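Peer 1: structure for this input, please:
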Amino acid sequence: MKKLSLCISSLFCLLTLSCQDDFKEIETTQKEVKKTTSEERPTACPSLFALVSPANGTGSPILPNIQSFIFKIDLGTSPVGYTFVSQIKIGGKPVTCVTGITDMSGTTDFAWAVTGINSNFPKKLLKVHIPTGNSSIAYTTTDYLQDIENLDPTTLVGIKEGSSQILKLDLSSGSCSPFAPSGFPSQYNGLTIASGKLYAISGNTNFICPSRRGDIFEYELTGGDYINKYSYKSSVASYTMKELGLHFDFCYGKGCVIGSAQAIISNNTNIKPCITPYPSFLLNTVTTHQNYHGIYDFMTK
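Peer 2: Next up, the predicted model:
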């Protein structure tokens, strides 16, 4: 793989990517061990939010009547911060089965969200006011999506619900079109964009590293078939149990971060297949005594 170095001020993290046997390496090396507090947070770090459900372990499609919430995640504290923000609703009515959320670029306090097949507002693209959860319908989408991200100013990208098909979503019409052919696993459970590439994860499978869950596939942002593959290398099912949020952290040295529908937030600083390190536990959201625990998607703002 092409070499890329990224130095993060105040954390002295090095992101190294290199070729080896058709696999790539994303490795974070701490040059200085330091506990980061909220006050010491780098000013460039975006806020991290999670789409959360009260039901742990629900798969895809999400079961009917599952309400949807937004929480704020703070990776710069120990333990990781997990704070309720709002419930997603339309006209005061809770929206069920929200399946993906991402930043509405250039619009303060707003996000895009999509709904699944079992939602009381199915197959919708929503405009969501993050602090209140108040939402409006932008379009009816031409397919059911989950785990959305911004591809460019006019296009989102996401997973077709319950599949490994990645689709593009036109923000001017709600129309969906193929981004890539269906993936190698039967279902992707999380998706993110980082360092100019798109990454999709199959949380339950271990095709890449036997006995280690979390197969990760890399795509060019121009679309097409995947170009490289990695592994989250989890031996604990709850760390990657679908559905899940996938995020790459370049501010606090956490590397690849996963929040699972079974209430676990974990990280791995190196997703090169079949070698150490393995994932580290960060937080069981149940222990925060919040009412809602299952993470379905991450977004930065």
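
Peer 1: element containing the spatially closest residue to E149 that is not a sequence neighbour, please.
Peer 2: Once flanking residues are discounted, E149 sits nearest to I193: 4.9 Å by Cβ to Cβ, 6 or more residues apart in numbering. For the C-beta atoms, the positions are set from N, CA and C on the backbone; glycine is no exception. According to DSSP states H and E, I193 maps onto strand 190-194.

Peer 1: next, the buried residues of that strand.
Peer 2: Buried residues in strand 190-194, counted by 16 or more other Cβ atoms under 10 Å: G190, L191, T192, I193, A194.

Peer 1: with stretch 152-171 instead?
Peer 2: Buried residues in stretch 152-171, counted by 16+ other Cβ under 10 Å: 156-171.

Peer 1: so how far is it from its chain's centroid?
Peer 2: Between the centre of stretch 152-171 and the centre of its chain there are 14 Å (Cα atoms, centre = their mean, to the nearest Å).

Peer 1: got the end-to-end distance for it?
Peer 2: Taking Cα to Cα, to the nearest Å, stretch 152-171 runs 10 Å from one end to the other.

Peer 1: phi, psi for the residue nearest to L191 when sequence neighbours are not counted please.
Peer 2: Leaving out its chain neighbours, the residue that sits closest to L191 by Cβ to Cβ, 6+ apart is D147, at 4.3 Å. Note on D147: its backbone torsions stand at phi 50, psi 70 [degrees, to the nearest 10].

Peer 1: any idea how far A180 is from D147?
Peer 2: Distance of D147 to A180, given as Cβ to Cβ, to the nearest Å: 14 Å.

Peer 1: same check on G116?
Peer 2: Here G116 is placed at a distance of 20 Å from A180 (Cβ to Cβ).

Peer 1: please identify which of those two sits among more neighbours.
Peer 2: Shown here are G116 and A180; by other Cβ atoms under 10 Å, G116 has more neighbours (26 against 21).

Peer 1: could you list the low-pLDDT ranges of this protein?
Peer 2: Across the chain, the ranges flagged by pLDDT under 70 are 1-43, 56-58.
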